[in-house]
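Asker: coordinates only, no sequence provided:
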Ligand SMILES: Cc1ncc(COP(=O)(O)O)c(C=O)c1O
């Protein structure tokens, strides 16, 4: 019989694990998932407070998605991407129907198999459509880790990709209400200054050379940064003024995370393209895509698209997407983030903040929240430096959570709380009680480190 320690050894010997130094890694071996929970090889249960990587929006093992995938397996597992295929047409229609263009102008979907590919292809489309080559993205952004997407990324997951392989990417400082790079705590002033800065960058870079501006409507793995009112609409107006295409990276925010099918809808901004992945299949199959508004997609009726992958519109991914969208509709899950989960998280995480000085900020929207830890609340001093080399006392938090049976995704002085949209209040309460306790342990570890 293979025991857990053997599986860990196998993993260490044969698998390269993303983002971490490989030696001495000791993490659970996950073998099963059901609803809000993951289970390891010893049968220990972990509440999934971050929906995997903010992706498993329907929780684990949702029957509707599994049934759709099973049925597709028996029927067809591959078809040439350049021929038409039944489930591909149906899924594209279902996605456009819930998009900001649905029932209006319309849109068309190009399928990929990841968020990174989707962003790279969207940039390619923007370059083809405008004849321009530069792309603007925010410093505090993540757009994927493949070479092109890593160049689009603003934060330090870009560094291992340097010198950059995608020329023409220019970064700017975006709105960050808790730590404004524009020296104001007043949202309206922050927005005004952030937009003025963007204008300066555009003018310094030559507006006529800029094809697209790519931005996460809510910054995801860099701390769930919800833009202040007027920021995204201000960006839309500036893009219109200079003929720059606006691409929203909705890889994390799409499919209900912000309390609407897309962040574009929640923030009432109509982009030119939307990139998506993760939640489209509740992460049960590796599907991504680019939605291109109809008025732009028509340009490809008379010229070749110039993009394609072996797995563009892979039948199994299509089936998973069709099943997932049916499940989202059946459970009203696109809205549940706004109607139910947002209120729970704001209140419950707010109580954790009230109790622990170390929590500097609780922020979020829909079912997408983060806690930011500080050593001094008044000065907002980060508990550990952003993008620094040391994790300081933060491992205490994640160790305590793991011990208590909770998984949550974090970076530097942040932890992301983004449960599946299917979560029940009692399940959330139990996991958040463990979070409360773990933050207490973090506080003790920090106090001890200061002696
Ligand atoms: C906003 C955003 N864009 C793109 C990506 C990259 O997606 P993938 O890992 O599927 O390439 C991610 C992944 O977390 C993301 O959060």
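Answerer: In hand now; what should we look at? Every value quoted in this text rests on a predicted model; they were computed, and no experiment measured them.

Asker: please name the nearest non-neighbouring residue to residue 37.
Answerer: In space, and not counting its chain neighbours, residue 37 is closest to residue 45: 5.0 Å by CB to CB, 6 or more residues apart in numbering. Placement of C-beta: from N, CA and C, glycine included.

Asker: could you check how far the one you found is from the ligand?
Answerer: Between residue 45 and the ligand the distance, using CB to the nearest ligand atom, to the nearest Å, works out to 25 Å.

Asker: start at 192, not 1
Answerer: New numbering, starting at 192: the last item is residue 236.

Asker: count of neighbours near the residue in the chain that the ligand sits nearest to?
Answerer: Closest approach of the chain to the ligand (CB to the nearest ligand atom) occurs at residue 306, with a separation of 2.3 Å. Counted by other CB atoms under 10 Å, the residues lying close to residue 306 total 29.

Asker: show the contacting residues for it.
Answerer: With contact taken as CB atoms under 8 Å, 6 or more residues apart in numbering, residue 306 is in contact with 334, 335, 340, 440, 442, 466, 467, 468, 469, 479.

Asker: now swap in residue 329 and tell me
Answerer: 345, 362, 363, 364, 365, 406, 407, 410.

Asker: tell me the bridge partners for it.
Answerer: Residues in a beta bridge with residue 329, per DSSP bridges, are residue 363.

Asker: show the pLDDT at it.
Answerer: Note on residue 329: pLDDT of 98.

Asker: give me phi/psi at residue 567?
Answerer: Backbone geometry at residue 567, expressed as degrees, to the nearest 10, gives phi -140, psi 110.

Asker: if you could redo that for residue 222, that was the one I meant.
Answerer: phi -120, psi -10.

Asker: for it, which non-adjacent residue is closest in space?
Answerer: Distances taken as CB to CB, 6+ apart place residue 232 nearest to residue 222, at 5.1 Å, with adjacent residues excluded.

Asker: which residues does that neighbour contact?
Answerer: For residue 232, counting by CB under 8 Å, 6+ apart, the contacting residues are 194, 195, 198, 219, 220, 221, 222.

Asker: at 7 Å instead, please
Answerer: Under the criterion of CB atoms under 7 Å, 6 or more residues apart in numbering, the contact partners of residue 232 comprise 195, 198, 220, 222.

Asker: looking at those, which is nearest residue 487?
Answerer: Distance ranking of these against residue 487, using CB to CB, places residue 222 first at 44.7 Å.

Asker: pretty sure the closest one sits against residue 230.
Answerer: Yes. Between residue 222 and residue 230 there is a contact under CB atoms under 7 Å: 6.3 Å.

Asker: hmm, who's touching stretch 474-493?
Answerer: If you take CB under 7 Å, 6+ apart as the criterion, stretch 474-493 is touched by 243, 246-247, 256, 260, 286-287, 290, 292, 296-306, 308-309, 312-313, 316, 320, 463-468, 471-472, 507-508, 511-512.

Asker: weed out the non-buried ones from the contacts of residue 306.
Answerer: Buried residues within the contacts of residue 306, defined by neighbour count using 16 or more other CB atoms under 10 Å: 334, 335, 340, 440, 442, 466, 467, 468, 469, 479.

Asker: which of those residues fall in helices?
Answerer: Using DSSP state H, the members of these that fall in helices are residue 340.

Asker: the buried ones among the contacts of residue 306: which ones sit near the ligand?
Answerer: Checked against the ligand using CB under 6 Å from any ligand atom, the buried ones among the contacts of residue 306 give the following subset in range: 334, 335, 440, 442, 468, 479.

Asker: now the fourth one: closest residue in space, sequence neighbours ignored.
Answerer: Residue nearest to residue 442 in three dimensions, not counting chain neighbours: residue 306, with 3.6 Å by CB to CB, 6+ apart.

Asker: gap between that neighbour and residue 470?
Answerer: For residue 306, the distance to residue 470 equals 11 Å [CB to CB, to the nearest Å].

Asker: residue 233: which element?
Answerer: Under the criterion DSSP states H and E, no helix or strand holds residue 233.

Asker: isn't it up against residue 196?
Answerer: No. The pair formed by residue 233 and residue 196 falls short of the contact definition of CB under 7 Å, at 10.1 Å.

Asker: the ligand contacts on the stretch 442-591 of the chain?
Answerer: Within the stretch 442-591 of the chain, the positions lying close to the ligand (CB under 6 Å from any ligand atom) are 442, 443, 468, 479.

Asker: pull the most distant pair out of those residues.
Answerer: With distances taken as CB to CB, the most widely separated pair in these is 443 and 479, at 11.9 Å.

Asker: now the residues of the stretch 442-591 of the chain next to the ligand in TSV, with pLDDT?
Answerer: As requested, these are exported to TSV (pLDDT from 0 to 100):
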residue	pLDDT
442	98
443	98
468	98
479	98
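
Asker: what about the residues you listed, which are in strands?
Answerer: Mapping those onto strands (DSSP state E) picks out residue 479.

Asker: tell me where the stretch 542-642 of the chain has helices.
Answerer: In chain order, the stretch 542-642 of the chain shows helices spanning 585-595, 616-640, with DSSP state H, counting those that start in this stretch as the criterion.

Asker: from these, which stretch is densest packed?
Answerer: Burial of these is given as mean neighbour count (mean count of other CB atoms under 10 Å); helix 585-595 ranks first at a mean of 19.

Asker: list the helices and strands that one packs on?
Answerer: On a contact count with 3 or more CB pairs under 7 Å, 6 or more residues apart in numbering; DSSP states H and E, helix 585-595 meets helix 616-640.

Asker: swap the cut-off to 10 Å and go again
Answerer: Under the contact definition 3 or more CB pairs under 10 Å, 6 or more residues apart in numbering; DSSP states H and E, helix 585-595 sits against strand 236-239, strand 559-567, strand 597-598, strand 600-602, strand 605-608, helix 616-640.
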